[in-house]
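# using only what follows, build the 3D model:
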Amino acid sequence: MANFNDRKKEVIAIIGAGISGLLACKYCISKGFDPIVFESESGIGGVWRKTIESTKLQTPKSFYQFSDFPWPDSVTEMLPHQKTVLEYIESYATHFDLVRHIKFNSKVLSLSYEDDSSSGEWNLCKGKWNVTVYQVDFVVVCLGRFSQLPNMPEFRPNNGPEAFEGQVIHSMDHSKMDTKTATNFVKGKQVAVVGFQRSGMDIAMECSTVNGVERPCTVLIRTPHWNLPDFSPWGLNLGYLYLSRFSELMVHKPGEGLLLSLLATTLSPLVTN
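Sure, this is the predicted structure:
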């Protein structure tokens with residue numbers, strides 16, 4: 001792999017100005033580069049820019065912070081709200097002067113790689129990347145796992161949303177609504193939420209708050225698992241489970257014995273908590 005310290009005249013493009021993109025930008029600057037960050041939105045923050053109104057951190061803020069930029073003393077909540085998290089990310093970018101490297105409202109439509117080597121093998125050190133109208137030496141893709149890519153299941157013909165008499169939307173579409181629009185959208189309707197992960201739970205809670213017990217929200221789950229209501233249920237800090245070697249016991253491993261297999265099977269519901 002190329003040594004960055006030997007190649008500081010080369011241009012580095014970073015796609016996305018979320019947390020990963022900002023970290024990549026700061027690292028490149030620390031190595032003497034002048035990176036270009038392409039961000040399709042008008043501001044930084046990635047998924048934290050447009051979220052469900054009730055979104056908060058689901059881990060204590062001490063576990064969710066930049067190592068060189070701690071949370072300000074004014075933030076006293078253990079699980080800050082989305083707006084507070086976004087302000088923290090924006091403060092980080094401002095503090096390290098990262099914004100001047102970002103080109104907002106610049107959506108990358110295509111990437112192509114040109115290899116200058118004669119061997120025919122893909123060579124990171126000799127090729128060039130064409131990013132829309134730019135040619136750069138390296139590309140760092142920081143789009144996030146779910147950014148603008150809704151995960152929609154595949155259905156047999158005539159057995160998908162077209163067979164349903166109601167309206168079908170993805171949680172990503174719901175997150176883009178403002179509070180008033182989201183409230184009016186579900187008010188007075190019988191709502192079913194498919195999925196029991198974080199966005200599903202948040203949306204189900206919002207629907208239940210709007211419609212109450214008169215029109216309860218139905219949650220459909222494919223794989224039953226335990227759901228704990230707090231990061232410290234019954235006074236037990238979940239960090240001891242998930243942020244320690246103990247978490248390895250929850251996952252099946254090649255060559256495991258009978259005892260480890262039984263433990264992984266018994267503790268498997270904790271993996272999807």
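# all contacts plus neighbour counts: C-alpha atoms, from now on.
Noted.
# quick one: the strands in the chain, in order.
In the chain, strands defined by DSSP state E lie at 12-15, 36-38, 102-103, 111-114, 128-131, 134-136, 138-141, 192-194, 218-220, listed in chain order.
# pick out the shakiest of those strands, pLDDT-wise.
Taking the average pLDDT of each of these, the minimum falls on strand 134-136, with a mean of 68.
# circling back to that earlier point, turn the strands of the chain into CSV, columns for mean neighbour count and distance to T179.
CSV is the format used below for the strands of the chain (neighbours: other C-alpha atoms under 10 Å; distance: least, C-alpha to C-alpha, whole Å):
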stretch, mean neighbour count, distance to T179
strand 12-15, 23, 29
strand 36-38, 23, 29
strand 102-103, 20, 29
strand 111-114, 14, 36
strand 128-131, 18, 36
strand 134-136, 15, 39
strand 138-141, 18, 31
strand 192-194, 17, 18
strand 218-220, 14, 21
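# can you lay out those as CSV showing distance to I52?
Below are the strands of the chain laid out as CSV (distance: least, C-alpha to C-alpha, whole Å):
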stretch, distance to I52
strand 12-15, 24
strand 36-38, 25
strand 102-103, 26
strand 111-114, 31
strand 128-131, 32
strand 134-136, 35
strand 138-141, 25
strand 192-194, 14
strand 218-220, 17
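# and of those strands, who's closest to P153?
P153 lies closest to strand 192-194 among these, at 10.9 Å (C-alpha to C-alpha).
# which residues touch the closest one?
The contact list for strand 192-194 (C-alpha atoms under 8 Å, 6 or more residues apart in numbering) reads 200, 203-204, 217-221.
# before we move on, what about stretch 95-111?
Outside stretch 95-111, the residues that touch it by C-alpha under 8 Å, 6+ apart are 15, 17, 22, 25-26, 34-43, 93, 129-132.
# next one: stretch 171-183
For stretch 171-183, the surrounding residues in contact (C-alpha under 8 Å, 6+ apart) are 50-53, 148, 150, 199-200, 203, 207, 210.
# make it 10 Å
With C-alpha atoms under 10 Å, 6 or more residues apart in numbering as the test, stretch 171-183 has contacts from 47, 49-55, 146-151, 185, 187, 193-194, 199-200, 202-203, 206-207, 209-211.
# buried residues, it. List them.
171-172, 174-175, 177, 182-183 (16 or more other C-alpha atoms under 10 Å).
# return the residues in contact with F138.
Neighbouring residues of F138 by C-alpha under 10 Å, 6+ apart: 10-14, 35, 113, 124-125, 127-130.
# what's the spacing between stretch 168-185 and its chain's center?
In terms of C-alpha atoms, centre = their mean, to the nearest Å, the centre of stretch 168-185 is found 18 Å from the chain centre.
# between the two ends of that stretch, how far is it?
12 Å (C-alpha to C-alpha, to the nearest Å).
# so what's the residue count around the closest residue to I19 other than its chain neighbours?
With C-alpha to C-alpha, 6 or more residues apart in numbering as the criterion, I19 has its nearest non-adjacent residue at 6.4 Å, and that residue is G45. By the criterion of other C-alpha atoms under 10 Å, G45 has 23 neighbours.
# for G45, give me the pLDDT.
pLDDT, G45: 93.
# residues contacting it?
Listed by C-alpha under 10 Å, 6+ apart, the contact set of G45 reads 16-22, 39, 85-90, 93.
# now swap in I12 and tell me
By C-alpha under 10 Å, 6+ apart, the contact set of I12 is 25, 28, 33-37, 129, 135-140.
# beta partners for it?
Beta-bridge partners of I12, counted by DSSP bridges, are F138.
# for P150, give me its contacts.
P150 is in contact with 170-173, counting by C-alpha under 10 Å, 6+ apart.
# show me where pLDDT drops low in the stretch 101-250 of the chain?
Across the stretch 101-250 of the chain, residues meeting the criterion (pLDDT under 70) sit at 116-126, 132-135, 145-149, 225-235, 238-243.
# good, we can wrap up now.
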